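> fold the following and give me the result.
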Amino acid sequence: MQSFKELLTQLTRSGLSQIYFSGEQLSDSELETLISAMEVSPLLVEFVDLSNNEITSTGAIAFAEFVKKTPSLKEVNLHGNKIDDTGAAAFFPIFRNSVHPSSFDLSGNPCSDIFVKRLALLAKNASLPEAIRLSLLKGKAEVLDLSGIHFNKIDQRLLTFFLEDVGGVDSLILSGCATGDAGVVMIGSMIKNSRVKNIDLSNNDISDTGLSQFVQRADLPHHPTLKTLSFKQNIRIGNYGVQQLTKVLFEENDVITAFDVSETSVTTNFRSIIDHECELNKEPLPLKKAVVAIRSNNESCKVVNLQWEKNMQNAARFISSPLQYNTVLEELNLGDCHLGDSGIDILSEALVKNKTLRVLALPNNNITSHGAKILFQRLQQHESLEDVNVASNKIDDEAANVIVNTLRLNALIKNLNIVNNFVSANYVNEIEGLILLNQAPKSIRILVVEIEQNYSSLTSVCLSGNSGEGYCNDSSVRLLSQALVMNKTVTDLDLSNSVVGDIGVFSLAEMLMTNATVKLLNLEANSITDKGAKRLSDALRVNASLQQLNLSNNAITNAGVSDYVEMLRFNDSLLHVCLDKTGVSANVYAKIVEAADLNKESKGVKDTLYRLRDGDKSLVRIDLRRSKCSRSLDNQSMSTLAVQLRGVPWVQELLLSGNDIGAEGCAHIANILSQGCCGIRFIDLSCNPIDDRGLGELSRGLLSENCVLEALNLTGTEVTTAGIEKFNEVLKVNSSLQEMLVPERVSSTVFCKMNRELLVNAQPKSLKPLLKSLDANEIVSHVVFRDPNHQFSDSACKLLCMSLINNSHVVSVDMSHNALTQECVPFVVEALMRSQGIKHVDLSHNNIDEAGGEALVECLCQNNTVISFSLEGNPVSHNVINKMNELLHLNGGSIALKKILLKHRSGVLTEEVIDLNAQNTSYKLTDEDVRLLCEVLADSTTIRAVDLGRNMITDNGCEMLADVLRVNTKVEALYLDYNPIAEIGGEALYNTLKVNHQLHTLFLQGTSVPEEIWEEILSLLHVNETPMRERIDMRNSQLQDINDEVQFKNTDYAISQEKKVNEEALAPYMSLNKNALLR
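Residues are numbered from 1 along each chain as shown. Alright, predicted model coming up:
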C-alpha cells in the first residue's frame, strides 16, 4: 500500500474517489490531515476505508464532521479502530439528513455493539418509515410497526436489533408483510428471548404449519411477556392449527390474554375455546394452575384448595368444564370464593359427570336454598362423593327435603357439614341419622338404599370376606335385613366369610318370613350356632322363595338341624342345604340333602314322592302332566321318581305329558318297567322332547319279562319312522303293550306294522307264538286257532288271517269254538283267496250270522281249493249250508262243472259246447254232478252239445238228463259213452227222443244199454236227422173242411200220430218217484 504522504499527494494533485488506507496505524492527527486533503481533492470522495488503524473518538468526531459535509460519500469503513461510545455517538447526526452513507461499518471498535448496529442499520435502511428511523436514532422503540413492508425487504438485523439487542419493544406489527410460514418461523425465533408484549402477524399467508412452528420457535408456552397475538386474516390457519393450542400453549402459558384468529378458517367453536383460554389467563394464577391440573388429569393433583384466594368469583365457571372429565381430583375446596347460586349451578353440572371427587367444600359462598337444591339434586347419583361442606351459607328448610332425599339415594355421602345455616332441628336430626347410616360399612352403605328402592338391576348382594369399610357383622346384617323385608329384586345374598352370629341370623330369619324374593343365602364360615340354625328352620317353614342355604363351616350340630327334614316337607322352594364342615353327622346330612332334592321337582312330583314313601296305595294314577305342575319335569325328575317307584305295585298309570323328558328320562322309566313288582299299565309321554334314541331307551323296559305296560302315548314327540320301525322289533318280543299313539310323521306302512304287533299283544297269549311261526313260514300244516282260557275275537282272527297269507304250508285251519262273528269273514275270505294251499276250514261253534255265511258262499264261488268248510253251530240257514256244501262238492270234484254252473247262475253262460269228458281227468262226474248240470241245461238256450263221456253217470243221472232234454230242445248232441248206464237209462233216453226232435246225436258206446233199446234209439235219431217239410196240424180241423190236396198230400203221418206218441212216452214217468227226480 502507498505511504500516507503519497496518499496525501495524490489527493491534492489529482484527487481520489475511493480511499483505501487500512492497517497503517493512522492516528487522529494524521486523520485530520487526511480530512483536509479530502476536502480539497479535485474528485468527490465516495468511499473511505480506514479500518484497522489507531483512530480514537477524537478522530471520529472530526471525521463525523467531514462526513456531514460530504454528501458524495457512500461507504465508510472504520472497522478495527479505537473509537468508543463518545466517538460513535458523533456519527448519528449524519443520519438525520436525507443524504448519508449507505454503508457504515464501525465494528471492531471499543464502542458498544448497539451503536455499531444502529449506525449500520441507519446507513442500510434509508427507506424505512420515519418512525423506525427515529427509533434507531434514539436507540429504543416501544412499537415496531413494519406493516405493509414485504418481509423479504426487511433487514432481519433490524428486527434482531430491536427485539434482541435493544429490547423494550412492547409491540411488533408485521401486518400484511407476506411473511408466509418461513417468515413467521424466523420471527418466532427472534421473539423467543425478547420482552415483546404484543405481536400483530395478521394477513401474512400463514398456515397451520407456520402457526405451529411459530409457537415452538418462540417457545410461547414459556414466554414471559407476550400477552396479545393477532393472526387474523390468515385464511390458511384452520381448526387443525389451533386445536392443539390448548395443550401445547395454554397448558403452560398463563400470560397470553388475547389470541386473535378471526377472519381465518378457524370455526367459531375453536375460536371460543381459544378465547376461553385467554380469559382464564386473566384470572388469578392459582385458579389457572388449578384448572390446568384438573384438565390434564395431573396425577399429583388430588387436592385443589382455593379457599381464601382473592378474586375467585369466576372459579366455578372455569373449573366446571374440566372437572367433568377429571379422574384424579379427590378434594375440591372452593370455600369463600363468593360463588353464589349461579356458580353452584355451573359447578353442579360438572359434578354430575365427575366420577372421582370425594370431598367438596363450599362453605361461606352465599348459597341459598335455591342453589342448595340444585346442588343436592345433582349429587343424588354421584358415584364417589363422600364429604360435602356447605356450612355458613343461607340454606333453610326449603332445601332440606332435597338434602334428605339425596342422602337416602346416595349412600356414599357419609359426611355433611350444614352448620351455620337456617335448617330446622327436625331436618338436622334426620340428616344426621342418614349420615350415620351412610357411615355404616361401605358395602352396606351402598346397598341399603338401593335395596329399599328396589333397583331392578340389583339382584345380587355379595359381602363375602370383606374387611375395613366392607366389614359385615350382626349390625350390618340387621340393616340389610330391614332393607330386604319389602325388597322385590335381590335374589342372592352372600354373607360368607364374615362374623355374622346368631343375632344376625335372627334378623335374617325375620326378614325371610316376609321376603319373597331372596333365593340364595350364603352364611358359610361365620359364627352361627344351633340356636341360629333352629331359628332359620322356623322361618323357612313359612318362606316360599329361598332355594339355596349354605351353613357350612359354622358351629352347628345335629341338634340345630333336627327338624330340617320335617321343615323341608312343608317348604317347597329350598333346593340345596349345605352343611359341610359342621358338627352335623353324615346320616342326618344325607337325609336333609335328600329332602331338599325333592324340592327340585314340581310340587306335584314332591307330593307324589311323599305319598309313595308313605305307602299310599290309593295312588293308582300319578298325574304329573305339565299343566298340573309348576315347572317341567326333566330327566333328573325321572331319576328321582324311578327311585321312589321301586317296589310299588299299586301305581297303574303314569301321566307325564308336556314336560322336558328326554332319552335319559326314558332310561329311568325303562328301569321302572323292568322292576319285578311294577304295575304300571299306561304311560303318557306325549309332547316331550323324546327322539328315536329315547324310544330306544324305553324299549329296554319293554323287553323285560316283568313289563306289564299296556298303553303308551308318544304323540307330539320327536320320534320318527325309523324309530318306530326299530320299535316294531321290540314289539315282536314284548307281549304286554296293546295300544300306542305315535306322531303323525310316522309312515303309514310302519304304523300299520306297529298296530298289528299291538293288536297281537291284545289277544290271548297263545296267539303270538302261533303268528310268529306262521310269519316265519314254518311248516305248519294244521293250524288250531284256540286258547284254553279265552275265546278268540274277530281282531284275533284278522291277525291270524294276515299270517296265514304269509305261510305256504298250511292245509287246514281250525277256528272253531271261538267268539268270531261276521266281522271276521272278510279276513277269512282274503286269507282263503290268497292262500291256495288251505283245503279245510273249521268255523263251527262261533257267532257268524247269515250275512257272514253268504260272504263265505261268495268266497267259495271264487275259491277252488277248499274242499271242507264247517259252519256248524253258527246262526246261518240251511240254504247257506247247502250252497256251501254244493260248492265244496264241486271243489272236490269238477271245477269245470263249477265254472259252468256259476256262469249260468250269473247269467253269463254263452257256450254252445259243454265238454265234461273225463278221459284226461282224475275226477269222474257222478249223478249228483249231473243234477247240477241239469239245472244249467234246463234254462240254457245256447248249449248245442254236451260231452259227458267216460264219467260215472248211472241210470239215475241218465234219467235226469232225459228229463231235462224233454224241455230243452236246443241240445243237438249228447255224449254219454263209457258211463255205467244200463237199461233204465237207455229206456229213458228212448222215451225222450220220442218228444225231442232236435237231438240228433247220442253216443252210448261203452255203456250197458241193451241192444234192442239202442236200436230203437238209433231209429229215432235217424228220424231227427231227416229234414222235415212244413207240417200242417190237423188235430183241430174238421174233415169236411179239408180239401183232398191238404188232406192227402200235405199232412204227415208223424203229425197225425203226434198226440198218441206223446201220451205213450209220458206214461212210464207218471209215478210219484219219477216226478220228484225230475224236480
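> just the buried positions in whichever strand or helix holds T12, please.
Using DSSP states H and E, T12 maps to helix 4-13. For helix 4-13, the neighbour count (16 or more other Cβ atoms under 10 Å) marks 4, 7-8, 11 as buried. All C-beta spots, glycine's among them, are computed from the backbone N, C-alpha and C.
> residues making contact with it?
2, 16, 19, 21, 24, 26, 30, 33-34, 37-38, 40-42 (Cβ atoms under 8 Å, 6 or more residues apart in numbering).
> cool, stretch 568-586 as well?
519, 524, 540-541, 543-558, 560-561, 564, 589, 592-593, 595-600, 603, 606, 610.
> what's the end-to-end length of that stretch?
Its first and final residues considered, stretch 568-586 spans 18 Å by Cα to Cα, to the nearest Å.
> for the record, mean pLDDT for the helix holding T12?
For helix 4-13, mean pLDDT rounds to 86.
> thinking again about what came up before, cross the contacts of stretch 568-586 against strands and list the overlap.
Among the contacts of stretch 568-586, DSSP state E puts 548-550 in strands.
> which one of those is nearest to E972?
When the ones in strands among the contacts of stretch 568-586 are compared for distance to E972 (Cβ to Cβ), Q548 wins out at 110.0 Å.
> could you list the buried residues of stretch 746-762?
746, 750-751, 753-754, 756-762.
> ok now it, how far from the chain's centre?
39 Å (Cα atoms, centre = their mean, to the nearest Å).
> list the contacts of it.
With Cβ under 8 Å, 6+ apart as the criterion, stretch 746-762 contacts 719-721, 724-725, 727-728, 731-732, 734-740, 742, 767-768, 771, 795, 798-799, 802.
> got a ChimeraX select line for the buried ones in those residues?
Those of the contacts of stretch 746-762 that count as buried under 16+ other Cβ under 10 Å are selected in ChimeraX with:
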select :719,720,721,724,725,727,728,731,734,735,736,737,738,740,742,767,768,771,798,799,802
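> among the contacts of stretch 746-762, which are located in strands?
Per DSSP E, the subset of those in strands is 739-740.
> ok so, going back, which member of the buried residues of stretch 746-762 is positioned nearest G676?
N761 (20.0 Å).
> who wins on neighbours among the ones in strands among the contacts of stretch 568-586?
Within the ones in strands among the contacts of stretch 568-586, L549 tops the neighbour count with 22 neighbours, counted by other Cβ atoms under 10 Å.
> per-residue pLDDT of that one, please?
Looking at L549, the pLDDT reads 96.
> show me which helix or strand of the chain is least confident by mean pLDDT.
Across the helices and strands of the chain, the lowest-confidence element by mean pLDDT, DSSP states H and E is helix 1072-1078, at a mean of 34.
> list the contacts for L731?
L731 sits in contact with 702, 737, 754, 757-758, 761, where contact means Cβ under 8 Å, 6+ apart.
> all strands for the stretch 251-400 of the chain, in order.
258-260, 303-305, 331-333, 359-361, 387-389 (DSSP state E, counting those that start in this stretch).
> and of these, who's closest to I661?
Nearest to I661 among these is strand 387-389 (60.7 Å), distances taken as Cβ to Cβ.
> downstream neighbour of the helix or strand harbouring S36 in the secondary structure list?
Following DSSP H and E, one finds S36 within helix 28-39. Following helix 28-39 in sequence order, the next helix or strand is strand 47-49 (DSSP H and E).
> pLDDT of that following strand, averaged?
Mean predicted confidence for strand 47-49 is 93.
> tell me the angle of the helix or strand following that strand relative to helix 28-39?
Of the helices and strands lying after strand 47-49 in sequence (DSSP H and E), the nearest is helix 57-68. Between helix 57-68 and helix 28-39, the angle comes out at 10 degrees (axes from the mean of the first three to the mean of the last three Cα atoms, to 10 degrees).
> and the helix or strand just after helix 57-68, which strands flank it?
Moving toward the C-terminus from helix 57-68, the next helix or strand (DSSP H and E) is strand 75-77. The pairing partners recorded for strand 75-77 under DSSP bridges are strand 47-49 (parallel), strand 103-105 (parallel).
> I'd say M952 and P980 touch.
Yes: under the criterion of Cβ atoms under 8 Å, M952 makes contact with P980 at 6.4 Å.
> look at the nearest residue to S41 once chain neighbours are set aside and say how many residues are nearby.
Once flanking residues are discounted, S41 sits nearest to G15: 4.1 Å by Cβ to Cβ, 6 or more residues apart in numbering. Using other Cβ under 10 Å, G15 is surrounded by 15 other residues.
> how about E972?
17.
> just use 41 as the starting number from now, easier for me
Sure thing, new numbering starts at 41, so read that last one as E1012.
> ok, it - contacts?
984-985, 1038-1041.
> now distance to K574, neighbour count and pLDDT too, for these, in JSON lines please.
What follows is the contacts of E1012, written out as JSON lines (distance: Cβ to Cβ, whole Å; neighbours: other Cβ atoms under 10 Å; pLDDT from 0 to 100):
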{"residue": "R984", "distance to K574": "117", "neighbour count": "15", "pLDDT": "94"}
{"residue": "A985", "distance to K574": "117", "neighbour count": "16", "pLDDT": "94"}
{"residue": "Q1038", "distance to K574": "123", "neighbour count": "13", "pLDDT": "90"}
{"residue": "L1039", "distance to K574": "123", "neighbour count": "21", "pLDDT": "91"}
{"residue": "H1040", "distance to K574": "127", "neighbour count": "18", "pLDDT": "91"}
{"residue": "T1041", "distance to K574": "124", "neighbour count": "14", "pLDDT": "92"}
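> sorry, back to before: in ChimeraX, how would I select just the buried ones from the contacts of helix 44-53?
Selection of buried members from the contacts of helix 44-53 for ChimeraX, criterion 16+ other Cβ under 10 Å:
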select :56,59,61,64,66,70,74,77,78,81
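> dump the contacts of helix 44-53 into a markdown table; add distance to S667 as well.
As requested, these are exported to a markdown table (distance: Cβ to Cβ, whole Å):
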| residue | distance to S667 |
| --- | --- |
| Q42 | 136 |
| L56 | 133 |
| I59 | 130 |
| F61 | 130 |
| E64 | 131 |
| L66 | 131 |
| E70 | 135 |
| T73 | 138 |
| L74 | 134 |
| A77 | 138 |
| M78 | 133 |
| V80 | 140 |
| S81 | 136 |
| P82 | 139 |
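> what's the farthest-apart pair in the contacts of helix 44-53?
Checking the contacts of helix 44-53 with Cβ to Cβ, the most distant pair is E64 and P82, at 23.0 Å.
> any figure for the gap between the nearest residue to E863 once chain neighbours are set aside and M855?
Nearest residue to E863, sequence neighbours excluded (Cβ to Cβ, 6+ apart): D834, at 4.2 Å. According to Cβ to Cβ, to the nearest Å, D834 and M855 sit 11 Å apart.
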